[in-house]
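Asks: pasting the sequence and the predicted coordinates here, then a few questions.
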Amino acid sequence: MTTAATYPSRWRAPSIFGSPGRRLAFWAVVCAYLVWSLSTLNVDTARVLAGLPRAWTILVRMVPPDFGRWQLLLTGMVESVQIAIAATIIGAVLSIPIGIAAAANLAPRPLYLLARAFIVTGRTFHEVIIAIFFVKLFGFGPVAGLLTLAFSSSIFLGKMLAEDIENMKPGPVEAIRATGASFGQTFFYAVVPQVLVKTLGVLIYRLDSNLRHSTVIGIVGAGGIGQTLSASFSRYDFDFASAILLTIAAMVAFGEWFSDWARRKLR
Amino acid sequence: MTAHQPPRHYPDRWERYSPRQRLVHWLWLGGIALAAAWSVSALDIEWAFFADAHEQAADLIGRMWPPRWSYLPRIVQPLIETLHIATLGTMIAIVFALPVAFLAARNTTWNQGSWLVGRAILVMSRSINTVIWGLVFVAIFGPGPVAGICAVAARSVGFIAKLVAEAIEEVDAGQIEAVEATGASTLQVYGVAILPQILPVLIGTSIYRWDINVRESSVLGFVGAGGIGLLLYASINQFAWSQAIVILIAILGIVVVSEALSAYVRSRIV
């Protein structure tokens, strides 16, 4: 005779934490963190509460957006787009040597390590920080923005290119090498055909993200619509600011759509 | 094999592309060159600035070196604040991202109208940079970390919700039907059939976004939204370059550590 197994009368979904103890520990850690972080931030509750009606006033002043100064808006937007396009192309050209140097299967070891260190350091800093340096070196204006985005694009594209090169099939490279081809010939006939389509996809993606970044570097004086936007905020010119924000959103949405469309075409 | 076939003609030289393909390639390259030329020429670049750029760079490095390490204790608190802004902002974003994701996924939204609302939230949140969100929230709450947290949250909601919405659209429909067949309510279906399937994506995306947010919150201080950026901006404006380099090295440190941590945790989950 076997005793009938007892089943619970109510089913409960299995916990994602594995055991109830772990679940409890997780939430305890989250609560402890919240208490610690909120206490060190010394948030001024009164000021935040005072901010809520102010938020409403600002919102009211943002609607309707004022497109009256559309010429200023257009100049800034066109500058942002030009910075993005030029930076993507310059960055793409610069990314080729970086990508080759950072690919373990093509570059000699010391060069590889140097290129990787360069990529890690360059990727760490936000575009706005890099922009400050180029503003110091080249003065205020779109040149600083162009160089900033070209610099960060070349690092991003170089990293992606290096990964593609490392993942390519070695067969074609060996085959071309066996014919006695030089490094340049090997690169153009064995490497380029294997990585080209993917690289173009990444390039279009980067154009899209440069479009986003070009709207923000203006805050430190590196040209583009960001300069106009931050000026309008500091002048409490909220209806013009909302017009700029809407235009940026529209442009970025268009850029994203275009990037999706172009990458689907490539495949 | 038939005997009387004329010998096939092979070219003496192997060509990779037909002339027509080559023409298309050159046209593309020409178009790109034109776009680059138009963009660069319209920016009216002052080439004179390039002439002394290397001197300026050497001067800058000279002022930065040696770093003023005695400044390090002063930046510990702002660094912690930067991490708090990134973490709290990401936490708030997760809470809001989940309903937005359900709204923006075709198979869980109520109708075309609610789907459009969800999509509009995604686009608005994602297309405005964290720093610009910072500008907006500083105008509302005044300068300080609260504005920074809101800025990080506002940008991250769209990022997390977009990826989660894509995951929702790809869930296994069989599990939903099975739970529905037991007579479960919509909320129960979401919680029992869909949530467990998308949880790895939600957690993975959130950790990835947290890693990005650590980097983003390092510059939020430039617009007054708290964190280490405030000190960096002040140091640069006072030409205190030996201080600025200490801050930059500290930022490099926490960004590299957070990236490694994020990569490790995500590799454990997925």
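Replies: In hand now; what should we look at?
Asks: for the chain, what's the longest helix?
Replies: With no chain named, the answer covers chain A. Counting residues, the longest helix in chain A under DSSP state H turns out to be helix A:70-101.
Asks: chain B is the one I meant
Replies: Max-length helix for chain B by DSSP H is helix B:72-104.
Asks: quick check, it touching chain A?
Replies: Yes: Helix B:72-104 is in contact with chain A by C-beta under 8 Å from any C-beta of the partner chain, via B:77, B:80-81, B:84, B:87-88, B:91. (Glycine included, C-beta is placed from N, CA and C.)
Asks: so which elements touch the longest helix of chain A?
Replies: If contacts are counted by 3 or more C-beta pairs under 8 Å, 6 or more residues apart in numbering or on different chains; DSSP states H and E, helix A:70-101 sits against helix A:109-124, helix A:142-167, helix A:192-213, helix A:225-234, helix A:238-266, helix B:19-42.
Asks: list the helices and strands the longest helix of chain B packs on?
Replies: Using 3+ C-beta pairs under 8 Å, 6+ apart: helix B:72-104 touches helix A:20-40, helix B:112-127, helix B:145-169, helix B:195-217, helix B:229-237, helix B:241-269.
Asks: other residues contacting the helix or strand that the first one is followed by?
Replies: In other words, helix A:20-40. Scanning forward in sequence from helix A:20-40 by DSSP states H and E, the next helix or strand is helix A:45-62. Residues outside helix A:45-62 that contact it (C-beta atoms under 8 Å, 6 or more residues apart in numbering or on different chains) are A:238-239, A:241-242, B:139-142, B:144, B:146.
Asks: flag the shaky bits of the chain, pLDDT-wise.
Replies: I'll assume chain A. By pLDDT under 70, the weakly predicted segments of chain A are A:1-5, A:11-18.
Asks: meant chain B, my bad for not saying
Replies: Segments of chain B classed as low confidence (criterion: pLDDT under 70) are B:1-5, B:44-47, B:49, B:270.
Asks: what about 80?
Replies: B:1-17, B:41-60, B:63-64, B:67-68, B:70-72, B:269-270 (pLDDT under 80).
Asks: any idea how far chain A is from the most centrally placed residue in it?
Replies: Geometric centre of chain B, nearest residue: B:Ile212, 6.0 Å, by C-alpha atoms, centre = their mean. Distance of B:Ile212 to chain A, computed by C-beta to the nearest C-beta, to the nearest Å: 10 Å.
Asks: now for that residue: which residues touch it?
Replies: So B:Ile212 contacts B:Phe159 (C-beta under 8 Å, 6+ apart).
Asks: next: the one 3 residues further on.
Replies: Contacts were defined as C-beta under 8 Å, 6+ apart; by that measure B:Arg215 touches A:124, A:126, B:255.
Asks: count the neighbours of the residue found closest to the first one once you drop the neighbours it is linked to in the chain for me.
Replies: Nearest residue to A:Thr124, sequence neighbours excluded (C-beta to C-beta, 6 or more residues apart in numbering or on different chains): B:Val255, at 4.5 Å. When neighbours are counted by other C-beta atoms under 10 Å in any protein chain shown, B:Val255 registers 20.
Asks: does B:Val255 touch B:Ser218 like I think?
Replies: Yes: with contact defined as C-beta atoms under 8 Å, B:Val255 counts as touching B:Ser218 (7.3 Å).
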